[in-house]
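> sequence first, predicted coordinates after that:
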Amino acid sequence: MSSLYAQPAEPTRVYLQTDVVYAVNRLREKFPQSIAREDLINYTLPQQKRDDATVQQFLAQLSINPKVNHDKEKDAYIFKPEHNITDADSLLKYLQNQDTAMGIQVSKLKDGWQDAEETIDRLEAEHRLLVTRNRKDNHPRMVWLDDPTLQAPLDQDFKDLWNQIALPSVEDTIKELRKMNHKSTGEPAVVDTGVKKPKEKKKVRRGTKITNTHMQGLLRDYSGKNDVKKEIKTERR
């Protein structure tokens, strides 16, 4: 019975995965710097779990993690982000080398560059980045390359004149669209609920066909023959 309630021997796979996640988070914090093998072991594994078997299994799991690179020459580990971008220059270079203006998600940038938002805000103010932001917290969500030479300065007088132009209200805009037989984008589509009557089928006139051929004689008109017989009788008399 004691074997049924025996605790599993350590290190178990669950504990190893937890240690690996802890180590990967540490490597992410130190990126782009690497961490020596012994330093990473001492930081991740407690003293009672640093036996040879546990350490070997821990390093084996760490070596197959897709977020970790192992520098065999230095015997050190380094975080492997999705994009190797850690500063403004590398970000601008990456965007310039894109074949299409796809941009990049800020969440992917922060995978290896946690304080990327400060640089993004600065580059946006310099008109070197185009940025879309979340409505709730105003944090940047996507970035694209911008060209500061396209920014033409305007006098404040022109800005004031532009801001003074009154825009029509939503109600007036909808009325004008309806006058031109146009529909606003927010207006629901008109659904035709009329019930269509089924088309009447044309009646096919079928010709009558006599199947009882032995009765055809009864249907003949013998009125002319009776008159001929009467004339013959009168002549004989």
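That came through, no problem. Residues are numbered from 1 along each chain as shown.
> which residues of this protein fall in strands?
Ranges of strands within the chain are 35-36, 68-71, 76-79, 104-105, 129-133, 140-145, based on DSSP state E.
> quickly list the domain ranges of the chain.
The chain is divided into the following domains under automatic domain parsing: 13-79, 88-150.
> nearest residue to the residue nearest the centre of the chain other than its sequence neighbours?
By Cα atoms, centre = their mean, the mean C-alpha position of the chain lies nearest to Gln105, the distance being 14.2 Å. In space, and not counting its chain neighbours, Gln105 is closest to Met142: 5.9 Å by Cβ to Cβ, 6 or more residues apart in numbering. In this view, the C-beta of every residue, glycine as well, is placed from N, C-alpha and C.
> give the residue spans of this protein that score low on pLDDT.
When residues are selected by pLDDT under 70, those of the chain lie in 1-14, 186-197, 203-237.
> just the helices in it please.
Along the chain, the segments classed as helices by DSSP state H run 13-30, 37-44, 52-63, 88-96, 106-109, 116-125, 156-164, 170-179, 223-236.
> just the CA trace of the longest one, in PDB.
What follows is helix 13-30 as a C-alpha-only set of coordinates in PDB (Å, rounded to 0.1, in the frame of the first residue of the first chain):
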ATOM      1  CA  ARG A  13       9.000  16.900 -15.800                       C
ATOM      2  CA  VAL A  14       6.600  19.500 -14.300                       C
ATOM      3  CA  TYR A  15       9.300  20.900 -12.100                       C
ATOM      4  CA  LEU A  16      11.800  21.000 -14.900                       C
ATOM      5  CA  GLN A  17       9.500  22.900 -17.200                       C
ATOM      6  CA  THR A  18       8.900  25.400 -14.400                       C
ATOM      7  CA  ASP A  19      12.700  25.900 -14.000                       C
ATOM      8  CA  VAL A  20      13.100  26.300 -17.800                       C
ATOM      9  CA  VAL A  21      10.400  29.000 -17.900                       C
ATOM     10  CA  TYR A  22      12.100  30.800 -15.000                       C
ATOM     11  CA  ALA A  23      15.500  30.600 -16.800                       C
ATOM     12  CA  VAL A  24      14.000  31.900 -20.100                       C
ATOM     13  CA  ASN A  25      12.500  34.900 -18.400                       C
ATOM     14  CA  ARG A  26      15.900  35.700 -16.800                       C
ATOM     15  CA  LEU A  27      17.500  35.500 -20.300                       C
ATOM     16  CA  ARG A  28      14.900  37.800 -21.700                       C
ATOM     17  CA  GLU A  29      15.600  40.400 -19.000                       C
ATOM     18  CA  LYS A  30      19.300  40.300 -19.700                       C
END
